[in-house]
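Student: Have a look at this prediction, sequence included:
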Amino acid sequence: MQVYLHLILDSFTTKLGERATNIFKHLFPVLKLDTKWIITFGNQSDYISFRHHAYEKPGGPRSIELKEINPRFEFRLFKIMGGRF
């Protein structure tokens, strides 16, 4: 069975943000079933923060504990070009 990565995309509401969201969704491979990995992209004033998290369910189905892991960085989109590489 294949599992898709958990992505959290925050504040990508403009037309450009929707296009960037679509690109981010397709950047990461399909994972193994037991992978507990979350990636967060947060947009604030056109700077995008990238964070990795590992999660655990310590006390049941409604409680999740996030632990931030490396790398973490911020970037700004320079150019998005259509077509294939």
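Tutor: Received, thanks. Given the structure is predicted, the values throughout are model-derived calculations rather than measurements.
Student: which stretches of the protein aren't confidently modelled?
Tutor: 1-2, 85 (pLDDT under 70).
Student: hey, where'd the helices end up in it?
Tutor: Here the chain has its helices, by DSSP state H, at 15-25.
Student: Tell me which residue lies farthest from the centre of it.
Tutor: No residue in the chain has its C-alpha farther from the mean C-alpha position than G59, which lies at 24.8 Å (CA atoms, centre = their mean).
Student: T40 bridge partners, please.
Tutor: Here T40 sits in beta bridges with I8, R51, going by DSSP bridges.
Student: Look at it and say how many residues are nearby.
Tutor: Using other CB atoms under 10 Å, T40 has 17 other residues around it. Bear in mind the C-beta positions are built from the backbone N, C-alpha and C, glycine included.
Student: I figured it hits F50, correct?
Tutor: Yes: counting by CB atoms under 8 Å, T40 does reach F50; the two are 7.4 Å apart.
Student: Please report how far P58 lies from F78.
Tutor: 41 Å (CB to CB, to the nearest Å).
Student: These two - which one has more neighbours?
Tutor: Ranked by neighbour count (other CB under 10 Å), P58 and F78 place P58 first, with 8 against 5.
Student: Quick check: chain neighbours aside, which residue is closest to that one?
Tutor: Closest residue to P58 apart from its sequence neighbours, by CB to CB, 6 or more residues apart in numbering: E65 at 5.4 Å.
Student: Could you pull up the contacting residues of that neighbour?
Tutor: 55-58 (CB atoms under 8 Å, 6 or more residues apart in numbering).
Student: Okay, and the beta partners of it?
Tutor: E56.
Student: could you check the distance from it over to N22?
Tutor: As for E65, its distance to N22 is 30 Å (criterion: CB to CB).
Student: what's the answer for F75, then?
Tutor: The gap separating F75 from N22 is 17 Å, by CB to CB.
Student: Could you check how far F73 is from P61?
Tutor: From F73 to P61 the distance is 32 Å (CB to CB).
Student: Of these two, give the one with the bigger neighbour count.
Tutor: F73 (9 against 6).
Student: Run through the bridge partners of the more buried one.
Tutor: For F73, the beta-bridge partners are F50 (DSSP bridges).
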